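> below is the structure, and that's it, no one-letter string:
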């Protein structure tokens, strides 16, 4: 119990030093949005082309999730690492001291890991959430699965909007609706493109 | 060797962790009974602070480790009081003259 208390206290300290909360929130919203819209676009394409094989839809969806996860893992980790190293060097200059093996360096390393995990999880989970109905094609018609998936994508976008609205302390319904509009715009452009192809 | 009872340090540290956290951590050190941290100067990324520790048996190395772990560096040891009682600095004629001037 004492160990747990010490550990949570340490993590709280790292969070405060690295100011990771704000960055993690931003990454969560941005990548959750990307994940949801990407899968929505993929499913709209399949739907308009009349694709009816749930296994292919699910597998391509999952591989898209994996690709987004790997992209997040590499991209975010390397970006965040360079930013953190640069800010640590600037801090070393300002304090005229070597910050290696200090709490400050550990806090920055902790922030790199947290941000990377948030990025990977946000994009993969939101994308996977929209693919879930295709696991139940045995019970539902494929067309119904498509509709539930579209609905889940819009629900995810709306929830992300609510999340952002809560952060900015604005009207959460309007904030949610703004995200849904992005989904509608994406669907309309996809429909126009595919119909005229 | 006699104990350190009071220690005054001039420290340059990053803005985060705050002086509140630093003071709490210094007070947790064994042998330290009380800590005072006052802000002397503030910059965009760093701040100069004056740290005063009082206790029965202060171990300087441990105080320094906590400061370094929090990203700070000891610029100077401004005052040390040792022995069984704390002796306050006594003003001399020279000090009085310089004050009058």
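Everything's here; your move. What you see is a predicted model, and the numbers here were worked out from it, not measured in a lab.

> I'd like the next helix or strand past the longest helix along chain A.
When chain A is parsed with DSSP state H, its longest helix is helix A:54-95. Beyond helix A:54-95 on the C-terminal side, the first helix or strand identified by DSSP states H and E is helix A:103-131.

> does that following helix reach chain B?
Yes. Judged by CB under 8 Å from any CB of the partner chain, helix A:103-131 and chain B are in contact via A:103, A:104. In short, each C-beta sits where N, CA and C put it, glycine included.

> still on that earlier bit, the longest helix of chain A to helix A:103-131, inter-axis angle?
160 degrees (axes from the mean of the first three to the mean of the last three CA atoms, to 10 degrees).

> which strands and helices sit next to helix A:54-95?
Where contact means 3 or more CB pairs under 8 Å, 6 or more residues apart in numbering or on different chains; DSSP states H and E, helix A:54-95 is packed against helix A:20-48, helix A:103-131, strand B:4-14, strand B:46-54.

> now the ones you listed in CSV, with distance to residue A:10 and mean pLDDT?
Output for the helices and strands packed on helix A:54-95, formatted as CSV (distance: least, CB to CB, whole Å; pLDDT from 0 to 100):
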stretch, distance to residue A:10, mean pLDDT
helix A:20-48, 13, 93
helix A:103-131, 9, 93
strand B:4-14, 18, 95
strand B:46-54, 22, 96
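
> can you redo these as CSV with distance to residue B:37 and mean neighbour count?
Shown next, in CSV, are the helices and strands packed on helix A:54-95 (distance: least, CB to CB, whole Å; neighbours: other CB atoms under 10 Å in any protein chain shown):
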stretch, distance to residue B:37, mean neighbour count
helix A:20-48, 25, 20
helix A:103-131, 16, 22
strand B:4-14, 8, 21
strand B:46-54, 5, 19
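
> nearest to residue A:57, of these?
Nearest to residue A:57 among those is helix A:20-48 (5.6 Å), distances taken as CB to CB.

> any stretches of chain B with poor pLDDT?
Scanning chain B for pLDDT under 70 picks out B:97-101.

> cool, and chain A?
A:1.

> could you redo the last one with a cut-off of 90?
Within chain A, the segments meeting pLDDT under 90 span A:1-10, A:13, A:51-52, A:69, A:71-73, A:94-97, A:137-140, A:167-169, A:193-197.

> contact residues of chain B facing chain A?
By the rule CB under 8 Å from any CB, the part of chain B lying against chain A is B:12-14, B:16-17, B:21, B:43-46, B:68-73.

> which of the residues you listed are buried? Put it as a PyMOL command.
Here the buried members of the residues of chain B next to chain A are turned into a PyMOL selection, burial being counted by 16 or more other CB atoms under 10 Å in any protein chain shown:
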select buried, chain B and resi 12+13+14+16+17+21+46+68+69+70+71+72+73
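
> which one of the residues of chain B next to chain A sits closest to residue A:136?
Comparing the residues of chain B next to chain A against residue A:136 with CB to CB places residue B:16 closest, at 49.0 Å.

> looks to me like the closest one is in a helix.
No. In this structure, residue B:16 is coil, not part of a helix, as judged by DSSP: H, G, I helix; E, B strand; the rest coil.

> how close does it sit to residue A:153?
Per CB to CB, to the nearest Å, residue B:16 is found 39 Å from residue A:153.

> what of residue A:64?
According to CB to CB, residue A:64 and residue A:153 sit 13 Å apart.

> the two: which is more packed in?
With other CB atoms under 10 Å in any protein chain shown as the criterion, residue A:64 and residue A:153 differ in neighbour count, and residue A:153 comes out ahead with 28 against 20.

> check which residues of stretch A:129-148 are buried.
The neighbour-count check on stretch A:129-148 (16+ other CB under 10 Å) flags A:129, A:130, A:131, A:133, A:134, A:137, A:142, A:145, A:146, A:148 as buried.

> can I get these in TSV including distance to residue A:190?
Formatted as TSV, the buried residues of stretch A:129-148 follow (distance: CB to CB, whole Å):
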residue	distance to residue A:190
A:129	19
A:130	14
A:131	17
A:133	19
A:134	18
A:137	22
A:142	19
A:145	18
A:146	13
A:148	18
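
> next one: residue A:25 from chain B, what distance?
Using CB to the nearest CB, to the nearest Å, residue A:25 is found at 18 Å from chain B.
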